[in-house]
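Trainee: predicted model and sequence below, questions to follow.
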Amino acid sequence: MTLARVAILISGGGSNMVALVRSMTGDHPGRPVIVVSNVPGAGGLAKAEALGVPGAVVDHRPFGKDREAFEAALNEVLTAAAPDVICHAGFMRIVTPGFVRKWEGRMLNIHPSLLPKFKGLHTHVQVLAAVDAEHGCTVHEVTAELDGGPILGQARVPVLPGDTEVTLAARVMVQEHLLYPAVLRRFVAGDRTPVFLP
């Protein structure tokens, strides 16, 4: 069996990246080939190295507001790694339609809300402000619409009395680390049937 090559994009500590990399062993149909960060010194790069996965940095700052130029540099690194799938795992850059077209149908993202609710940033604050009874996370395909691609999996958590942004985020993150690997395994095997965790 030919193993699918998986690239992972990060901007920070890389906890979801670690969960993905650790899952890709044994009979898993995919293997991590590179971790790329847009932030030099991002904590996830050292974690990737410790896990034996090559890391690379494409700093977005020298490109200013020229997203296409940044993505051209990012594409050079990704193309050299020849991934079959790209996982956005805390990658805090909105990609352009041109980038999406190049990798369409091969890019996943995890978002900390039950999409289509609460797209964008500060989802935990938004959930608390809305006084919702539940929160969670969603894995979806990356499309040109922000957080709007086909949903491939969701996990739910209750919103508890006294919850803060911090406590809620921590509870959601536990589910992210279960959901993303489960969806990736299925996706790499060619199955786009959504995964729903209780």
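Mentor: Cool, the structure landed.
Trainee: need the contact partners of the top helix by length along the chain.
Mentor: The residue-count maximum for a helix in the chain (DSSP state H) belongs to helix 165-188. Residues from elsewhere that reach helix 165-188 (C-beta atoms under 8 Å, 6 or more residues apart in numbering): 4, 6, 15-16, 19-20, 22-24, 28-30, 84-85, 87, 89, 108, 110, 112, 124-125, 127-128, 135-137, 139, 152-157, 159-160, 192-193, 195, 197. (C-beta placed from N, C-alpha, C; glycine too.)
Trainee: now that helix: buried residues?
Mentor: 168-169, 171-172, 175-188 (16 or more other C-beta atoms under 10 Å).
Trainee: could you export it as PDB, CA atoms only?
Mentor: Only the C-alpha atoms of helix 165-188 are listed here, as PDB (Å, rounded to 0.1, in the frame of the first residue of the first chain):
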ATOM      1  CA  GLU A 165     -13.000  31.300  27.700                       C
ATOM      2  CA  VAL A 166     -10.100  29.400  29.100                       C
ATOM      3  CA  THR A 167     -12.000  26.400  30.600                       C
ATOM      4  CA  LEU A 168     -14.100  26.100  27.500                       C
ATOM      5  CA  ALA A 169     -11.100  26.200  25.100                       C
ATOM      6  CA  ALA A 170      -9.400  23.500  27.200                       C
ATOM      7  CA  ARG A 171     -12.400  21.200  27.000                       C
ATOM      8  CA  VAL A 172     -12.800  21.700  23.200                       C
ATOM      9  CA  MET A 173      -9.100  21.100  22.600                       C
ATOM     10  CA  VAL A 174      -9.300  17.600  24.200                       C
ATOM     11  CA  GLN A 175     -12.000  16.800  21.500                       C
ATOM     12  CA  GLU A 176      -9.900  18.400  18.700                       C
ATOM     13  CA  HIS A 177      -7.100  16.000  19.500                       C
ATOM     14  CA  LEU A 178      -9.500  13.100  19.100                       C
ATOM     15  CA  LEU A 179     -11.500  14.400  16.100                       C
ATOM     16  CA  TYR A 180      -8.800  15.600  13.800                       C
ATOM     17  CA  PRO A 181      -6.900  12.300  13.700                       C
ATOM     18  CA  ALA A 182     -10.100  10.300  13.200                       C
ATOM     19  CA  VAL A 183     -11.100  12.500  10.300                       C
ATOM     20  CA  LEU A 184      -7.700  12.500   8.700                       C
ATOM     21  CA  ARG A 185      -7.400   8.700   8.800                       C
ATOM     22  CA  ARG A 186     -10.800   8.400   7.000                       C
ATOM     23  CA  PHE A 187     -10.000  11.200   4.500                       C
ATOM     24  CA  VAL A 188      -6.600   9.700   3.600                       C
END
